[in-house]
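Novice: Next come a sequence and a model predicted from it.
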Amino acid sequence: MSPRLKVLVYGVLLVCCVPFVFPIWWMATTSLKPVTEIFAFPPSLLPGSPTLDAYRQVFDLQPFGRQYLNSLYIALLVTILTLAVSALAGYAFARIRFRGAGVVFVIVLTGLLVPNEVTIIPLYRMFDALGLVDTHWPLILVPALGAPSVLATFIMRQFFVTLPAELEEAGRVDGLGRFGLFWRVCLPLARPAIGAVSIFTFLHSWNLYLEPIVFLSSKDKFTIPQALTQYVDAYGGPMWNTQLAAATLSALPVLVVFVLAQRQFVEGLAQTGLKG
Amino acid sequence: MTLLLEKPASTVAPPEKAPYWTMRRRDQLAGWLMVAPQLAGIVAFVIVPLGMVGWYSLHEWNVLAGTFDFVGADNYAALADDRELGSVLKATGLFSVGLVVLNLSLALFLAVLLNQKLRGTVVFRTLFFSPVVVTLVAWTIVWGFLLQDNGGVNAFLDVAGIDGPNWLRSGGSAMASVIVVQLFKNVGLNMVLFLAALQGVPAELYEAARIDGASAWARFRRVTVPLISPTILLTMILTIVGSLQVFAQIAVLTQGGPGTSTTVLVYYLYQQAFQFHHLGYGATLSVLLFGIVLVPTVIQWRMRRKWVFHES
């Protein structure tokens, strides 16, 4: 590649970065600006007199710490449950020839055909009848066992199918039963699939918005996405610097984890994305 | 199915009493136990609710008024008479088509740039991908802030001497804004899929095309595109299905407005069911949404069978 072309490509890449990186920068810097400065003209890329007022308000106006923990524990629990459900089911579909497997597989796959939004009304009625509205149960059970976990099962199955049969035969010789083969032989090899499933399951739960606003009504039960939109003034207008401070708090930890582990993130998703 | 029919042709002397728990029986049990949680979840949270949606859609049902009356196909007839539905479907289609075209073009463009053997492409890949891991509502809020009439975008345009519109409050630009916000949020995902596909194209093919005197554009058109076409189709369908489910961005940025210009089907369904408490009609809209999402999903599924179930 000629040097001039190289410069051109780098130039184009840099320009393309703006709409990806600038909003994150603007979010973090605006959250440190005093209210009088956030709409200042000309706009400034750095806060003139940085302040943590907005961050104080984040915790004063709502039980944000609690809401943060809600989102975190729900997402972690959903991830662990999804891994358990999908690894077991994926393994069975891939490696055990049990009677009715074909029919069960087709039933499970219907989960891929039905978006959450389609079933939100009956799910609301069901959890209402069980007295579980305004609890975290629907946000945990539905993603971990219902439609969203099917993609995970599918990815797991695609992975377990690729393992050679000799592997399990060796395990059999050593006297392992089915669960032993699953737990001791196959699961330890499934790290790439487990990684990819964990990442997208966590992000999916972390980002959920429709389900929390349908199911939850008390502030100390809210999840982060729902809480972010609640920082409004007496007229219902958004308190921008407070919203952006809370937004920054919600985004930064995940961003840091991502940057540290970006290779596993990107390549894991790319592989399973192509396969699954 | 045939498994149970074939008896093991054993020539060994018959044992006194064969144990009941043969390996095959154990496997039957293990298989069922292992799929049981997933199967129960799908039946409880997908199959049964789907049937309930169909049943609800045949009813006039208003929670506030306490009515739940069987009305047959009335709700479906109401779909045809619903004046707003036309504009809702138009908004849904506009959003999907706009997003899919822009998303795939930009994703492919970025992937081709990153696929050049240049230093530092990992840094750019990380930057382009980073919005994917930012909380969706956080990303939407900061764009909402940027797109205010006196917000960042217009301020920077003003510095450059351009008078920007009130992005989220005027018809055409509101839709464009919602599309752009979603575009930059998730285009990194498709970019990564394209990048993986591009790296699978054998270098000899480019070499051969170069010897034949093909220009860079011709190599892209005639070598790259055909070879990565499975990925293009896959990402296209994933993006279409995803675009039909957009909700948070609309709810946070425009609440479906101005007018109904950004009221997409999922948002309309939410309004009807959970704001106006027309649950019967909401269920009918759910059936409609299901039908619309089904088309690309079935295509995707069939393609997966073709490309992915290679073991059979």
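Specialist: Alright, I've got the coordinates.
Novice: How many neighbouring residues does residue A:76 have?
Specialist: 15 (other Cβ atoms under 10 Å in any protein chain shown). In this view, the C-beta of every residue, glycine as well, is placed from N, C-alpha and C.
Novice: for residue B:241, same thing?
Specialist: Using other Cβ under 10 Å: residue B:241 sits among 21 other residues.
Novice: Also residue A:41?
Specialist: 10.
Novice: That one: what's it in contact with?
Specialist: B:150, B:155, B:158 (Cβ atoms under 8 Å, 6 or more residues apart in numbering or on different chains).
Novice: My reading is that the second one is in a strand; is that accurate?
Specialist: Put plainly, it is residue B:155. No - with DSSP: H, G, I helix; E, B strand; the rest coil as the criterion, residue B:155 is helix rather than part of a strand.
Novice: show me the contacts for it.
Specialist: Contacts of residue B:155 by Cβ under 8 Å, 6+ apart are A:39, A:41, A:42, A:43.
Novice: May I see the contacts of residue A:41 organised as TSV, with pLDDT added?
Specialist: What follows is the contacts of residue A:41, written out as TSV (pLDDT from 0 to 100):
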residue	pLDDT
B:150	87
B:155	88
B:158	87
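Novice: related to what we said a few turns ago, who wins for most neighbours among the contacts of residue B:155?
Specialist: residue A:43 (19 neighbours).
Novice: That one and residue B:156 touch, don't they?
Specialist: Yes - between residue A:43 and residue B:156 there is a contact at 6.2 Å, judged by Cβ atoms under 8 Å.
Novice: and whichever residue of the stretch 201-312 of chain B sits closest to chain A, how many neighbours?
Specialist: Nearest residue of the stretch 201-312 of chain B to chain A: residue B:248, at 3.8 Å (Cβ to the nearest Cβ). Residue B:248 has 24 neighbours, counted by other Cβ under 10 Å.
Novice: Give me the phi and psi for it.
Specialist: phi -60, psi -40 (degrees, to the nearest 10).
Novice: Contact partners for it?
Specialist: Residue B:248 touches A:207, A:209, A:210, A:225, B:136, B:137, B:140, counting by Cβ under 8 Å, 6+ apart.
Novice: Spatially, which two of the residues you listed are the most separated?
Specialist: Distance extremes for those: the farthest pair is A:210 and B:140 at 13.3 Å, using Cβ to Cβ.
Novice: For the residue nearest to residue B:237 when sequence neighbours are not counted, list the residues it contacts.
Specialist: Excluding the flanking residues, the one nearest residue B:237 by Cβ to Cβ, 6 or more residues apart in numbering or on different chains is residue B:300, at 4.2 Å. Residues near residue B:300 by Cβ under 8 Å, 6+ apart: B:234, B:237, B:238, B:241.
Novice: Just the pLDDT for residue 136.
Specialist: In the absence of a named chain, chain A is used. Note for residue A:136: predicted pLDDT of 97.
Novice: um, chain B though
Specialist: For residue B:136, pLDDT reads 95.
Novice: Next, count neighbours for the nearest residue in space to it that is not next to it in sequence.
Specialist: In space, and not counting its chain neighbours, residue B:136 is closest to residue A:207: 4.2 Å by Cβ to Cβ, 6+ apart. By the criterion of other Cβ under 10 Å, residue A:207 has 21 neighbours.
Novice: My guess is residue A:207 contacts residue B:135. True?
Specialist: Yes - in this structure residue A:207 lies within contact range of residue B:135 using Cβ under 8 Å: 6.2 Å.
Novice: Residue A:268 should be in a strand, yeah?
Specialist: No - under three-state DSSP, residue A:268 falls outside any strand and is assigned helix.
Novice: burial count for the closest residue to residue B:146 other than its chain neighbours?
Specialist: Spatial nearest neighbour of residue B:146, chain neighbours left out: residue B:152 (4.3 Å); criterion: Cβ to Cβ, 6+ apart. Applying other Cβ under 10 Å, we find 20 residues neighbouring residue B:152.
Novice: give me every residue that touches residue B:152.
Specialist: Per Cβ under 8 Å, 6+ apart, neighbours of residue B:152: A:26, A:43, B:145, B:146.
Novice: what two of these are the furthest from one another?
Specialist: Longest span within these, Cβ to Cβ: A:43 and B:145, 11.6 Å.
Novice: what's the spacing between stretch B:77-92 and its chain's center?
Specialist: In this view, stretch B:77-92 has its centroid 22 Å away from the chain centroid, taken as Cα atoms, centre = their mean, to the nearest Å.
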